[in-house]
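# Provide a 3D model corresponding to the input given below.
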Amino acid sequence: MKPVLVVNAGSSSLKYQLIEPGSPPSAKGLIEEIGSAQARLRHDGEDRGTRPAEDHEAALAWMLEALGDTLDDLLAVGHRVVHGGTRFTEPTVVDRDVEAAIEQLSPLAPLHNPANLAGIRALTTLLPTTPQVAVFDTAFHATIPAVAATYALPRELAEAHGVRRYGFHGTSCQYVTGQVDAENLIICHLGNGASITAVENNRSVDTSMGLSPLEGLVMGTRSGDLDPAVPFHLMRAGLSAAEVEDILTKRSGLRGLAGASDMREVRERQDEPHARLALDVYAYRIRKYIGAYLAAVPGMQALVFTAGVGENDHRLRQEICAPLAHLGIALNADANEAAVGRSEPATIGTGPIEVLVVPTNEEAEIAAQAAAIVG
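Here you go, the predicted model:
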């Protein structure tokens, strides 16, 4: 099969992989500091230095230069797009109407959709004969029923402004679901961004993130769940709406509690009171959601940990699971520790509910979805 170029464009960074579906990537890289005179490229593990990249088009041109002849006979470009609203529930070949719709959805994901769209537009110009395919993080969660997706707001207001639960990390959840034999799962996607998804009969039925990626778990810099009155309280204290949004999305979570957003740094400082409390709050919030989803999906068969923190912090998995033995969730300590760094799924549980560590691969999922719709 021809390869797919997978692109994940952020506001100031660009990740990419060249993947023939079903095979490991043949090339991959990262460009950082887009918009500056000192953008840096790392390609296939090699530092390619710095050069000006004033926008995504310049960065993507640098990417194409680095990939060179490997782009011959490209099947498609698969783009990660964070928010597809209710319109986009499957991978979609991009045309002008799709571009316009992604732009219209930007108020629901202001930190992500504009950057994703910049990548699409740039590669439409740079690779005009190659199909561009948008793969949406929200798509996997389109199956969430109304009872779980609906907020108790005035109906007309919610409908007019698109206020409902959308959910994110869907591409990761879809990949993980395909790696597990069980059909009823709780998936803990724990990275700098973190969410939990309840899967019944291989379909998402509830997830912790909502209208935006801010709701739910404690994350690297996001607060997760809090009393909706907190923003009003802070604004009455003199902070602007923009300042409150910045606090909740960029200065809260682990950073707010422990002074560091990287779980590895917090873990290294776990003997300090603030870091210990941060770890305890982080694990407690996850346990609460696991308990809620055990109630939401009778017959839950497996609990899955994935993403950077979920795959690599065996102590966190133990902290989460140890108090849940009465619910049928228990770990084998040796298997739990041995699962760190593995590239294949690992079984780490000993109770009636299976516990697994499943390395996620969103790029492989995007490549497969793009190839399926184009091919």
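
# Could you measure from Asp69 over to Arg42?
20 Å (Cβ to Cβ, to the nearest Å). For glycine as for every other residue, the C-beta is placed from the backbone atoms N, C-alpha and C.

# what about the two, which has more around it?
Set Asp69 next to Arg42 and count neighbours by other Cβ atoms under 10 Å: Arg42 wins out with 15 against 5.

# any chance you could map the helices in the stretch 101-250 of the chain?
Under the criterion DSSP state H, counting those that start in this stretch, the stretch 101-250 of the chain contains helices at 113-126, 146-149, 155-161, 170-179, 229-236, 241-250.

# Residues contacting whatever helix or strand Tyr289 lives in, please?
For Tyr289, the host element (DSSP states H and E) is helix 273-296. With contact meaning Cβ atoms under 8 Å, 6 or more residues apart in numbering, helix 273-296 is reached by 148, 186, 188, 190, 194, 196, 198, 205-206, 208, 216-218, 224-225, 254, 257-260, 266-267, 269-270, 300, 303, 316, 319-320, 323-324, 327, 329.

# Can you turn the buried part of those into a PyMOL selection?
PyMOL command restricting these to the buried ones, with burial defined by 16 or more other Cβ atoms under 10 Å:
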select buried, resi 148+186+188+190+194+196+198+205+206+208+216+217+218+224+254+257+258+260+266+267+269+300+303+316+319+320+324+327+329
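
# quick one, what contacts Asp137?
Counted by Cβ under 8 Å, 6+ apart, Asp137 has contacts Arg80, Val81, Val82, His83, Gly84, Phe168, His169, Gly170, Thr171.

# Restricted to strands, list those.
Among those, the ones falling in strands (DSSP state E) are Arg80, Val81.

# ok, and the most crowded of the contacts of Asp137?
Val81 (32 neighbours).

# didn't that one look like it was pressed against Ala139?
No. Using Cβ atoms under 8 Å, Val81 is not in contact with Ala139; the gap is 9.2 Å.

# and Thr360, that's in a strand?
No. Read with DSSP: H, G, I helix; E, B strand; the rest coil, Thr360 is coil and lies in no strand.

# on that earlier part again, which residues do Val81 and Ala139 both contact?
With Cβ under 8 Å, 6+ apart as the test, Val81 and Ala139 both reach Phe88.

# out of everything not next to it in sequence, what's closest to the residue most central in space within the chain?
What sits nearest the mean C-alpha location of the chain, by Cα atoms, centre = their mean, is His169, with 3.6 Å. Leaving aside its sequence neighbours, His169 sits nearest to His189 (Cβ to Cβ, 6 or more residues apart in numbering; 4.5 Å).

# how about the one you found, what does it touch?
Listed by Cβ under 8 Å, 6+ apart, the contact set of His189 reads His169, Ser172, Cys173, Val176, Ser195, Ile196, Thr197, Thr306, Ala307, Gly310, Thr360.

# What residues does the third one make contact with?
Residues touching Cys173, when contacts are defined by Cβ under 8 Å, 6+ apart, comprise Phe140, His141, Ile187, His189, Thr197, Val199, Ser204, Thr207.

# can you tell me how far it sits from Ser208?
Per Cβ to Cβ, Cys173 is found 12 Å from Ser208.

# Common neighbours of the two, please.
Thr197.

# Isn't the residue nearest to the centre of the chain up against Thr197?
Yes. Applying Cβ under 8 Å, one finds His169 in contact with Thr197, separated by 7.2 Å.

# list residues touching both of those two?
Common neighbours of His169 and Thr197 (Cβ under 8 Å, 6+ apart) are His189, Thr207.

# what pLDDT does Arg285 get?
We note a pLDDT of 98 for Arg285 in this prediction.

# How many residues are close by it?
Neighbours of Arg285 (other Cβ under 10 Å): 20.

# Distance check, the residue lying closest to Gly29 once chain neighbours are set aside against Gly68.
Leaving aside its chain neighbours, Gly29 sits nearest to His43 (3.9 Å; criterion: Cβ to Cβ, 6+ apart). Going from His43 to Gly68 by Cβ to Cβ gives 10 Å.

# Tell me which of the two has more neighbours.
Counting neighbours by other Cβ under 10 Å for His43 and for Gly68 shows that His43 has the greater number, 18 against 9.

# In this protein, mark out all the strands, start to finish.
4-9, 13-19, 27-32, 36-43, 46-53, 76-81, 92-93, 132-136, 185-190, 194-200, 203-207, 302-306, 346-347, 354-357.

# any chance of these in TSV, plus mean pLDDT and distance to Leu279?
What follows is the strands of the chain, written out as TSV (pLDDT from 0 to 100; distance: least, Cβ to Cβ, whole Å):
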stretch	mean pLDDT	distance to Leu279
strand 4-9	93	29
strand 13-19	92	28
strand 27-32	92	29
strand 36-43	92	31
strand 46-53	92	33
strand 76-81	95	30
strand 92-93	96	40
strand 132-136	97	33
strand 185-190	98	12
strand 194-200	97	13
strand 203-207	98	23
strand 302-306	98	16
strand 346-347	97	23
strand 354-357	98	19
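
# In TSV, list those strands along with distance to Ile286.
TSV is the format used below for the strands of the chain (distance: least, Cβ to Cβ, whole Å):
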stretch	distance to Ile286
strand 4-9	25
strand 13-19	26
strand 27-32	29
strand 36-43	32
strand 46-53	36
strand 76-81	25
strand 92-93	33
strand 132-136	25
strand 185-190	6
strand 194-200	7
strand 203-207	13
strand 302-306	10
strand 346-347	19
strand 354-357	13
